[in-house]
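Undergrad: the amino acid sequence is not available; the structure is as follows:
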Ligand SMILES: *Cc1c(COP(=O)(O)O)cnc(C)c1O
């Protein structure tokens, strides 16, 4: 825009976004404590107070990743940067990599392998299905020289969860390292880096961690770190070279690498502290509970889930748009009339599914009920045979059943004690 054009536009004022209910694939709503923390005064990225906070932040990340990995820290950049960080460090030119593709993000992993000069062996599964462990086993048998396996734990584009523990075990049996995308799974469903033996893993701040976008927590096993140290050829990215960044995120002699996004890091520290206060297992259980209630309501409206029940992600609920319904119009009505954002289908699923996220701070009973009520009224306006209140009643019933089961469980515990 030229100066003249700028002068002719309406007067520019400060920007105040509207209040939204975020139930899409991320970003999520942010806890007020995180927002307050983020608006604190700036301090230098080498200030001793900041450095102390960094140590706590790393410890909190180790907790959510369930790992003792020394090299666990947030990369400055969105989840996509965390993804590149893993590939650019661990894939060397000519290296054979088994890469699993069952949605958008598996496709991006493949793109990364190719750009790093790796030789990909693709394991394809239909969108909406998990990665098939048998196919991965067959791929290793057919390619005994494969050095790396890469897969997405929670495929946000379809709502399907893959069995990260089994897939990692297959790779280890064949002596290969493992890169896992835990962008949508971390904080929402169990991720156990050490127990499962994952070598490199990345996530993002704005999904189940409920922080502002722009940070990507990563963790590397000692095996992965040793591999990168032993590389003879320089890593093809200066910014993402693991051996250089260790000078800032390592434990001693911190020096300048790049200007860390300090206030975003305060925010992540607070968001992780909230998870620690709740307890990871309680956070996982909360995602499951609200998923079951939302699902009961959506199904009571006659909607069908895209993914088979046993592979459904609690934090990402993909349902088929009924035939004859304008998929986009429904999303627009939810946003304009109720301030609710849900996700559309990507790639081949465009126009075919809706994606209801229940991630982090957005994963609450008030959001479940509001969403069911709003969706019911929008679909009814479009002429679908939906009765007011039926979805809410089904969700209420699901909550009541879960409460009864919890109470019974608690009584049994007391009886045993
Ligand atoms: C969102 C997402 C990413 C990318 O994260 P950005 O922060 O958008 O770059 C990668 N993988 C999965 C599975 C995701 O859901």
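TA: Now that the structure is in, tell me what you want to look at. Computed from a predicted structure; not experimentally measured.

Undergrad: how many other residues sit next to residue 178?
TA: Using other Cβ atoms under 10 Å, residue 178 has 26 neighbouring residues. C-beta: built from backbone N, CA, C; applies to glycine.

Undergrad: for residue 136, give me its contacts.
TA: 98, 100, 123, 149, 151, 167, 170-171 (Cβ atoms under 8 Å, 6 or more residues apart in numbering).

Undergrad: hmm, try it at 10 Å
TA: Contact analysis of residue 136 by Cβ atoms under 10 Å, 6 or more residues apart in numbering lists 98, 100, 121, 123, 125, 146, 149, 151, 162, 166-167, 170-171, 174.

Undergrad: from these, which land in strands?
TA: Of those, the ones assigned to strands by DSSP state E are 98, 100, 121, 123, 149, 151.

Undergrad: that older thread, need the contacts of residue 136 in CSV (columns: neighbour count and distance to the ligand).
TA: Output for these, formatted as CSV (neighbours: other Cβ atoms under 10 Å; distance: Cβ to the nearest ligand atom, whole Å):
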residue, neighbour count, distance to the ligand
98, 27, 18
100, 28, 12
121, 20, 21
123, 25, 17
125, 21, 15
146, 23, 22
149, 27, 16
151, 28, 10
162, 27, 11
166, 14, 19
167, 27, 15
170, 19, 20
171, 25, 19
174, 19, 24
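
Undergrad: residue 55 belongs to a helix, doesn't it?
TA: Yes - Residue 55: assigned to a helix according to DSSP: H, G, I helix; E, B strand; the rest coil.

Undergrad: residue 251 is in contact with that one, correct?
TA: Yes - using Cβ atoms under 10 Å, residue 55 is in contact with residue 251, at 8.0 Å.

Undergrad: separation between residue 194 and the ligand?
TA: 21 Å (Cβ to the nearest ligand atom, to the nearest Å).

Undergrad: quick check: closest non-adjacent residue to that residue.
TA: The spatially closest residue to residue 194, leaving aside those adjacent along the chain, is residue 67, at 4.8 Å (Cβ to Cβ, 6 or more residues apart in numbering).

Undergrad: in a strand, the one you found, correct?
TA: No - Residue 67: not assigned to a strand; according to three-state DSSP it is coil.

Undergrad: torsion angles phi and psi at it?
TA: Dihedral pair for residue 67: phi -150, psi 160, per degrees, to the nearest 10.

Undergrad: residues near it, how many?
TA: By other Cβ under 10 Å, the residues close to residue 67 number 22.

Undergrad: residues in contact with it?
TA: Contacts of residue 67 by Cβ under 10 Å, 6+ apart are 61, 191-196, 198, 201, 219-221.

Undergrad: out of the residues you listed, the closest to the ligand would be?
TA: Nearest to the ligand out of these is residue 201 (Cβ to the nearest ligand atom; 11.6 Å).
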